[in-house]
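Novice: whatever this is, show me its structure:
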Amino acid sequence: MTITGTNLTGASAVTFGGVNATGYTVDSATQITATAPAGSAGVADVRVTTPGGQSANTASDNYTYVSLPTVTGLAPSSGPAAGGTSVTITGTNLTAASAVTFGGAGASYTVNSPTQITATAPAGTGTADVRVTTVGGQSANTAADDFTYIPAPTITGVSPATGPQAGGTSVTITGSNLTGTTTVQFGGVNATGFTVDSATQITATAPAGTGTVSVSVTTPGGASANTPADDYVYAPVPTVTGLTPNEGPMAGGTSVTITGTGLTGASAVTFGGVNATSYVVDSPTQITATTPANALPIVVDVRVTTPGGTSANTAADNYRYEHPCGGGGLDLTFPDFGFDPLALNGLDQTGAQELTVPVSDLTALGLGWKVQIGTDRFETAGGKQLPADAARVTDVTASAVGGTCIMPDNGVSGYPLTLPLDPAKVTVFNADVGTGLGPAALDVDLELDVPASTTSGTYTSTWTVDLTAAP
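Specialist: Numbers count the residues shown, from 1 in each chain. Coordinates of the predicted model:
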């Protein structure tokens, strides 16, 4: 310290509270440079002795011995390696602190009281001791002043990296320094829930979202930095807007082009719940799939499953399995027919005729079908007519045309059937639903009874046949 005064030449002693200075130098008659000896906390008067005597004690010669500062606690005692943590330092003799360091690195600080300082931790690594320097010296290193730098978490992968926009996907997050995770977010939105499995893994449930978002993890060490490894894609629910072709054989093997949206990453393509034999995702709007076999000639819905979910059933995704005997539209053709004239001879007479009714492509109806036959009134040129029960259907047989197709089942029995003459029709064949696959033929046996009492004349008749798509 520098002592200033007068008449200092020839100084023979310099004392601090009666204790000789460790050393001193007389710089001039008005200045001495002295090294203070050790002393107790408190105020000591500084005296100079020369041949002229000893200096008197005045307020200007007071020298204060300040105790060493101590650090007794840190709150918090840890923080991110990037620094920035506000740390409350408690201790003693902290007044007039001239420096606060974390592992030797200077920190900004505010002295709140002789027992408290608030400091902002600089960047660092590992465990650093916190020191406070005052006029009394620097605090000693103890366990109480240890501050631990926590490294920031990192994310090296998310699996799966895609999921539906509705959320709910269980996502495994891998990385480092994940212990103590307080927050997991997907694009800034908190995960529905998460579990820290280890220092390198977290299992989180994705919230709802759209587009591509970054997954972030926050720990006492800070928040993970955004990298391509933490990208998570919210996939839209796929849609199917068309099929080309939209029908094919029951044996399968048809190549079908499926158009729609959100088809990227398709994990399944099904036809009526049965997996396609194979499929290729051509683009986000197209898939080429090969149909599986189906045991029934039915219409099924085609569904596509992606990480975004499964496409909804609409009319646009309907695919028809056709029976190998099936074909296009309904076709019913038969020749015009009638009974040959019967010469009246005063006796009961019966005319018989067989009518073949060919029918084909019955699968196009999609439900049961029936054949009806009828006749107009039998009249002579003079307006005479036969009795109402003169016309009959005595039998009907059905047969499939070709051995590979299914013969329809006949639902009508109890022949003969009398044809009303009003005019009207009777049902002579009634097929079950799903039968009559392919061309078929109905052989109808017709009968005309002419009693002996019939008025003389020549009778004409008109017959009609009708096929309807109804039970």
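
Novice: go ahead and confirm residue 98 touches residue 135.
Specialist: Yes: with contacts counted by CB atoms under 8 Å, residue 98 reaches residue 135, the gap being 7.3 Å. Using the backbone N, CA and C atoms, a C-beta is placed for each residue, glycine as well.

Novice: of those two, which one has the most company?
Specialist: Taking other CB atoms under 10 Å, residue 98 and residue 135 do not tie; residue 135 has more neighbours (14 against 10).

Novice: check the more buried one and give its pLDDT.
Specialist: pLDDT, residue 135: 90.

Novice: contacting residues around it?
Specialist: 66, 96, 98 (CB atoms under 8 Å, 6 or more residues apart in numbering).

Novice: and those residues as a markdown table, adding secondary structure, pLDDT and distance to residue 219?
Specialist: Shown next, in a markdown table, are the contacts of residue 135 (DSSP: H, G, I helix; E, B strand; the rest coil; pLDDT from 0 to 100; distance: CB to CB, whole Å):
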| residue | secondary structure | pLDDT | distance to residue 219 |
| --- | --- | --- | --- |
| 66 | coil | 88 | 41 |
| 96 | coil | 89 | 37 |
| 98 | coil | 96 | 34 |
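
Novice: quick one: which of the residues you listed is nearest residue 414?
Specialist: residue 98 (120.7 Å; CB to CB).

Novice: secondary structure element holding the closest residue in space to residue 288 that isn't next to it in sequence?
Specialist: Spatial nearest neighbour of residue 288, excluding adjacent residues (CB to CB, 6 or more residues apart in numbering): residue 280 at 5.0 Å. Assessed by DSSP states H and E, residue 280 sits inside strand 278-283.

Novice: now do that strand, average pLDDT.
Specialist: For strand 278-283, the per-residue pLDDT averages 98.

Novice: who are the packing partners of it?
Specialist: strand 286-290 (3 or more CB pairs under 8 Å, 6 or more residues apart in numbering; DSSP states H and E).

Novice: partners of the strand it packs on in the sheet?
Specialist: Looking at strand 286-290 with DSSP bridges, its partner strands are strand 255-261 (antiparallel), strand 278-283 (antiparallel).

Novice: which one of those strands is the most hemmed in?
Specialist: Ranked by mean neighbour count under mean count of other CB atoms under 10 Å, these are led by strand 255-261, which reaches a mean of 19.

Novice: can you name the next helix or strand after it?
Specialist: Heading C-terminal from strand 255-261 (DSSP H and E), you reach strand 268-271.

Novice: show the subsequent helix or strand relative to that next one.
Specialist: Per DSSP H and E, strand 268-271 leads on to strand 274-275 as the next helix or strand towards the C-terminus.

Novice: centre of the chain versus that following strand, how much separation?
Specialist: Here the centre of strand 274-275 is set off from its chain's centre by 22 Å, with CA atoms, centre = their mean, to the nearest Å.

Novice: tell me the average confidence for that strand?
Specialist: For strand 274-275, the mean confidence score works out to 98.

Novice: what's that strand in contact with?
Specialist: 268, 269, 292, 294.

Novice: need the contact list for the last one.
Specialist: Contacts of residue 294 were listed using CB under 8 Å, 6+ apart, and they are 250, 252, 271, 272, 274, 300, 321.

Novice: now, of those, which are buried?
Specialist: Neighbour-count burial (16 or more other CB atoms under 10 Å) applied to the contacts of residue 294 gives 250, 252, 271, 272, 300, 321.

Novice: what strand or helix carries the second one?
Specialist: The one in question is residue 252. Using DSSP H and E, residue 252 falls outside every helix and strand.

Novice: in space, what's closest to it - neighbours in sequence excluded?
Specialist: residue 293 (3.9 Å).

Novice: what's the answer for the fifth one, then?
Specialist: Nearest residue to residue 300 in three dimensions, chain neighbours excluded: residue 272, at 2.9 Å (CB to CB, 6+ apart).
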